[in-house]
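Asks: sequence and predicted structure below; questions after.
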Amino acid sequence: MRNRLLDRYMRWRIILVFLFLFLILSTILATVIGPVEIPPDMVSRILLARLPLACDLIAKSWSQAQETIVIQIRLPRILLGVVVGAALESAGTAMQGLFKNPMADPYIIGISSGGALGAAIAIILHMGLLALPAMSFIGAISAAFLVYSISRVNEKVPVATLLLSGIAISAFLSAITSFLMYIGGESLHQIVFWLMGGLSTSEWDRVLVVAPPLIAGIAVLSVYARDLNIMLLGDEEAKSLGVEVEKLKKLAISLSALLAGVAVSVSGIIGFVGLIIPHTVRLMVGPDHRILIPASALMGSIFMVLTDTLARTIIAPAEIPVGIITAFFGAPFFIYLLQKRKGLVSA
């Protein structure tokens with residue numbers, strides 16, 4: 001038994017190391033690709049030259065323009081994609097574990113619709129670029145807690161009621177957003193572009209603001225991985241094993257709302273990201289959240305970096321909103337999950 005546990009932990013370490021190295025390679029690849037091509041070895045030297053211990057050991061063989069492109073333009077966008085992808089996937093993993101449903105993601109509790117409404121209000125009122133992510137975050141968090149409050153029955157939150165409340169609130173908030181778009185006039189294009197999702201407005205200030213809460217949220221979710229594992233057995237069984245079920249539901253929903261709300265506030269609506277990767281990673285590593293959460297976070301970062309690179313290069317010099325690319329992959333995957341569940345029910 002002890003040897004089996006050691007083998008499992010060793011396999012988990014290998015998987016995480018592999019995914020981390022793959023993320024590093026994806027980051028370098030994304031930094032290389034662009035209208036101005038910069039060789040991978042030069043990108044690596046530019047990045048290494050920023051490290052305190054290595055800066056004096058690397059001779060500068062690149063222009064100031066190349067350094068500006070790598071450090072000030074591409075790198076903050078890529079790192080923002082890393083943290084946004086990790087946050088959306090971690091939130092999706094928690095939602096799927098909590099609801100015991102592979103088709104669940106954080107947007108089912110109204111987060112995307114709330115974020116979209118907050119952003120639309122900021123755009124319509126010309127509140128400025130700094131107010132847009134703040135309003136989006138407020139809208140996302142407010143929608144999540146509104147759904148939670150409506151769903152609560154005698155201090156308990158039935159999952160079915162939560163899902164139905166999320167659908168209803170999402171439809172209502174989407175209707176308000178559509179009305180704002182209708183009367184938006186010159187602001188219509190900006191609202192539509194934001195709703196499509198993207199990382200084109202990324203800059204270092206945004207990365208430094210959103211990274212700490214997103215990393216902290218993922219870390220706290222990982223701490224409760226064992227409790228999420230027990231929740232897979234059902235509410236009553238989890239209670240008998242000492243898990244405070246309702247407290248865990250509140251915590252998981254709050255953390256998922258935080259992660260998705262912060263991510264939406266800087267990236268717009270990027271759909272299906274919290275759906276695809278958790279389910280795929282679960283097939284690779286199993287349902288244990290101790291490995292599922294960190295592996296999904298790394299895989300989500302990789303997926304977001306690669307899809308964003310595809311979005312900004314496929315029709316260069318123009319750029320496709322990354323939300324279109326993720327929907328292109330996510331919608332067929334969602335249909336596949338529906339077909340699979342339909343087959344299980346008919347069997």
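Replies: Everything's here; your move. Residues are numbered from 1 along each chain as shown.
Asks: residues contacting the residue most central in space within the chain?
Replies: Closest residue to the average C-alpha location of the chain: residue 88 at 1.8 Å, with CA atoms, centre = their mean. Listed by CB atoms under 8 Å, 6 or more residues apart in numbering, the contact set of residue 88 reads 106, 259-260, 263, 270, 273-274, 300, 304. In this view, the C-beta of every residue, glycine as well, is placed from N, C-alpha and C.
Asks: let's see that with 6 Å instead.
Replies: Listed by CB atoms under 6 Å, 6 or more residues apart in numbering, the contact set of residue 88 reads 263, 273-274.
Asks: with residue 200 instead?
Replies: Counting by CB under 6 Å, 6+ apart, residue 200 makes contact with nothing.
Asks: can you read off the backbone torsions of it?
Replies: With angles defined as degrees, to the nearest 10, residue 200 sits at phi -70, psi -20.
Asks: quick one, strands of the stretch 201-347 of the chain?
Replies: Using DSSP state E, counting those that start in this stretch, the stretch 201-347 of the chain contains no strands.
Asks: where does it have low pLDDT?
Replies: For the stretch 201-347 of the chain, the stretches with pLDDT under 70 are 337-338, 340-347.
Asks: now the longest helix seen in the chain: average pLDDT?
Replies: Ranked by residue count, the top helix of the chain under DSSP state H comes out as helix 2-32. Mean per-residue pLDDT for helix 2-32: 85.
Asks: what helices and strands are in contact with the next helix or strand after that helix?
Replies: The first helix or strand that comes after helix 2-32 along the chain, using DSSP states H and E, is helix 40-48. Judged by 3 or more CB pairs under 6 Å, 6 or more residues apart in numbering; DSSP states H and E, helix 40-48 is in contact with helix 2-32.
Asks: report the buried residues of the helix it packs on.
Replies: 12, 15-16, 19, 23, 26-28, 30-32 (16 or more other CB atoms under 10 Å).
Asks: kindly report the same for stretch 206-221.
Replies: Buried residues in stretch 206-221, counted by 16+ other CB under 10 Å: 206-207, 210-211, 213-214, 217-218, 220-221.
Asks: narrow the residues you listed to those in helices?
Replies: Those of the buried residues of stretch 206-221 lying in helices (DSSP H): 206-207, 210-211, 213-214, 217-218, 220-221.
Asks: about what we covered before: measure the residue nearest to the centre of the chain to residue 127 for me?
Replies: Going from residue 88 to residue 127 by CB to CB, to the nearest Å gives 25 Å.
Asks: again with residue 140
Replies: According to CB to CB, residue 140 stands 16 Å off from residue 127.
Asks: in the helix or strand containing residue 173, what's buried?
Replies: Per DSSP H and E, residue 173 falls inside helix 159-182. The neighbour-count check on helix 159-182 (16+ other CB under 10 Å) flags 162-163, 165-166, 169-170, 173-174, 177, 180-181 as buried.
Asks: contacting residues around that helix?
Replies: With CB under 6 Å, 6+ apart as the contact definition, helix 159-182 has outside contacts at 99, 108-110, 113-114, 116-117, 120, 124, 147, 150-151, 188, 191.
Asks: after that helix, heading C-terminal, what element do we hit next?
Replies: Downstream of helix 159-182, the first helix or strand assigned by DSSP H and E is helix 188-196.
Asks: can you point out the buried residues in that following helix?
Replies: Residues 188, 190-191, 193-196 are the ones in helix 188-196 that count as buried (16+ other CB under 10 Å).
Asks: also stretch 239-249?
Replies: Across stretch 239-249, burial judged by 16+ other CB under 10 Å covers 243, 245, 248-249.
Asks: next one: stretch 37-48
Replies: 38, 42-43, 45-47.
Asks: tell me the one of the residues you listed nearest residue 326?
Replies: residue 43 (25.4 Å; CB to CB).
Asks: the closest one against residue 31, yeah?
Replies: Yes: using CB atoms under 6 Å, residue 43 is in contact with residue 31, at 4.9 Å.
Asks: mind listing the shared neighbours of these two?
Replies: By CB under 6 Å, 6+ apart, residue 43 and residue 31 have these common neighbours: residue 70.
Asks: next up, the contacts around residue 329.
Replies: By CB under 6 Å, 6+ apart, the contact set of residue 329 is empty.
Asks: repeat for residue 229
Replies: Contacts for residue 229 (CB under 6 Å, 6+ apart) come out as residue 289.
Asks: residue 150 versus that one, what's the distance?
Replies: 29 Å.
Asks: show me where the stretch 51-200 of the chain has helices.
Replies: Counting by DSSP state H, counting those that start in this stretch, the segments of the stretch 51-200 of the chain that form helices are 64-68, 75-99, 111-124, 131-151, 159-182, 188-196.
Asks: between the fourth one and helix 111-124, how many degrees?
Replies: Using axes from the mean of the first three to the mean of the last three CA atoms, to 10 degrees, the inter-axis angle of helix 131-151 relative to helix 111-124 is 140 degrees.
Asks: and the angle from helix 131-151 to helix 159-182?
Replies: Calculated by the same axes, to 10 degrees, helix 131-151 forms an angle of 140 degrees with helix 159-182.
Asks: do the longest one as well
Replies: Between helix 75-99 and helix 159-182, the angle comes out at 140 degrees (the same axes, to 10 degrees).
Asks: got the buried residues for helix 75-99?
Replies: Buried, per 16+ other CB under 10 Å, within helix 75-99: 75-99.
Asks: again with the first one
Replies: Neighbour counts over helix 64-68 (16+ other CB under 10 Å) mark 66-67 as buried.
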